[in-house]
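> Quick one: sequence and predicted model below, then my questions.
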Amino acid sequence: MLLPTHHAKHELTFRYACSITRTQWLCLAALLTFSLSAYNLSRRSSSLITPATSQPESTLYTLDPHTLPPTYHTYHEAELRLPQHDWSRSRPAPHEKFFFVAGHVRGLGWGNALQEHLLNAHLAYVSNRTFVFSNYTWNDDGSVYSIYNGKPIPSQIPYTVLIRGPAVGDPLPLAFDRPPAVSKDYFDHVCPQKFELGQHAVDPHITHPSSALEVTEKWSAAIQAISEPCLQSSMTSQQIYSHYRIFGIRGALADLWPTLSVSPILTQFGWSPLIERAFDENQHLFYYPSTPGSNLTGTPYSSNAERYTPIPGLMAVHVRRGDYLKHCVDLTDQGEDFVSINTLPGLADPFVAPRGFFFNELTRADRNLYRRRCFPSVAEIVQKVEEVRATREGRGIRRIYIMTNGKPDFISELKEALLAAGSWDSIHSSRDMVLSKEEKYVAQAVDMLVAQRAQVFIGNGFSTLTSGAVMMRLSNGFPVNSTRFW
């Protein structure tokens, strides 16, 4: 259930946890208990989103079929028909050498999956291997649907539903001289027997496991040393680029960024026709009616930067609610930093995780700092918006788009507060979008596209949805100070 931030009971969770006076011995006992709990929490997945559990198909079909999500089977069929797939072959051609990350992320949000998928594709690119792409996966146990938050969702979604580009099989410009990526189905067809490369073979050579550049170089060296055409990372190795080694570590991506930012994996990245169509159909939320933007649908693709130009006069803000009520408390208890993309050098509004005082216990001020940066109140949101509007990058901003999973009553309260504080020509939110059934289940990608293009974007530094937009803004040369954080 989505809960508004202004509920006093919930604010107490952030502000006054561990603040009741006790004897020193009781405090010490509580701290030891807290430390053990934090240790256990630290072993959980990066976004702390409970993975969707599969539901027997027979049970799901007792529901109204109209309530079931789309399966996107036509996108999967289109992937199978990619021209680089030669189904007449039973083994790789002499020039073909594949690489698949078998331990890719599962059961986490779209932002987590996208950032890992792009780095895996970049690793294959720098290793002179054909990248093998799978699906955006909640469950790969054979189920069609899973249950998340009490509702059915697709267990797997083809990546081509969400994105286009070299990471999903589109050809690279001739100058890059690399074969296009292939689907996991084709990889399995021509490579029934696979050679596996595990972390145990690579990790001993990595001196700094939180250096994305070193991880990439050492894995690339190991991959290039193998002549077998059918190569994959071992399933037991899980992610090559994980939250606890890369994505959740301050500065971990800084040394790779100069290379990654100009990699064709990013410069030739695009949003799928489905996502672009949803954007086009809701242009009135982002543009002035008198000066509408050019439709993306039907426009030939050129490059990421040329296609997704800034939308003048628009501010996009990412305001997480719902699961973030608990998530922000968990981040506080674990002492988490912003996710790594959001800590790249030069970005405004940096955050340094406080380390506490006695036995590293966070003070009330520390906890309130986390709350303001992760789960700001309506008043704090309005204050930040007006502060950013007053900057050089904020000049001319008269329209605002609120990316949020908040309830309608929260959104109404926020809209009223924004109007009371300043003059706006329009205020819209994610809930104002009109989406088809297929678009609804990938709406986060539509929001990310809006954030990528807004003249100014204020994001949540702890969110991988924010970091995906930040990655694209920086790669496309947007002014660095046009990207801000709560």
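It's in.

> Tell me which stretches of the stretch 351-486 of the chain form strands.
399-404, 426-429, 454-459, 483-485 (DSSP state E, counting those that start in this stretch).

> what stretches of the stretch 151-300 of the chain score poorly on pLDDT?
Scanning the stretch 151-300 of the chain for pLDDT under 70 picks out nothing.

> residue boundaries of the helices in it?
184-190, 199-202, 212-224, 257-260, 264-267, 273-281 (DSSP state H, counting those that start in this stretch).

> Any idea how far the fourth one is from the middle of the chain?
Taking Cα atoms, centre = their mean, to the nearest Å, one finds the center of helix 257-260 at 18 Å from the center of the full chain.

> what residues does that helix touch?
Helix 257-260 is contacted from outside by Leu119, His122, Val126, Ala212, Leu213, Leu253, Leu266, Leu344, Leu474, using Cβ atoms under 8 Å, 6 or more residues apart in numbering. Using the backbone N, CA and C atoms, a C-beta is placed for each residue, glycine as well.

> hang on, isn't the last one packed against Leu344?
Yes: here Leu474 lies in contact with Leu344, judged by Cβ atoms under 8 Å, at a distance of 6.8 Å.

> okay, the two: which has more neighbours?
Between Leu474 and Leu344, counting by other Cβ atoms under 10 Å, Leu344 is the more crowded of the two (21 against 18).

> Determine the longest strand present in this protein.
Identified as the longest strand of the chain according to DSSP state E is strand 311-319.

> Show me what it packs onto, helices and strands only.
helix 378-389, strand 399-404, helix 443-453, strand 454-459, helix 464-475 (3 or more Cβ pairs under 8 Å, 6 or more residues apart in numbering; DSSP states H and E).

> what's the angle from it to helix 464-475?
Angle of strand 311-319 versus helix 464-475, following axes from the mean of the first three to the mean of the last three Cα atoms, to 10 degrees, is 150 degrees.

> partners of strand 311-319 in the sheet?
strand 399-404 (parallel), strand 454-459 (parallel) (DSSP bridges).

> Show me where the stretch 1-150 of the chain has its strands.
Under DSSP E, counting those that start in this stretch, the stretch 1-150 of the chain gives strands at 53-54, 98-101, 130-133, 135-137, 145-148.

> strand partners of the fourth one, parallel vs antiparallel please.
Under the criterion DSSP bridges, strand 135-137 sits next to strand 156-158 (antiparallel) in its sheet.

> which one of the strands paired with strand 311-319 is the most hemmed in?
strand 454-459 (a mean of 26; mean count of other Cβ atoms under 10 Å).

> right, and the helices of the stretch 151-300 of the chain - which one's nearest Ser234?
helix 199-202 (7.6 Å; Cβ to Cβ).

> tell me which residues in that closest one are buried?
Judged by neighbour count using 16 or more other Cβ atoms under 10 Å, the buried positions of helix 199-202 are Gln199, Val202.

> repeat for stretch 404-419
By 16+ other Cβ under 10 Å, the buried positions in stretch 404-419 come out as Thr404, Asn405, Gly406, Lys407, Phe410, Ile411, Glu413, Leu414, Lys415, Ala417, Leu418.

> doesn't Cys328 fall inside a helix?
Yes: assessed with DSSP: H, G, I helix; E, B strand; the rest coil, Cys328 lies in a helix.

> what number of residues lie near Ser210?
Ser210: 17 neighbours (other Cβ under 10 Å).

> no no, Ser290
The tally of other residues near Ser290 (other Cβ under 10 Å) stands at 5.

> repeat for the one 4 residues further on
Each residue near Ser294 was counted by other Cβ under 10 Å, and the total is 12.
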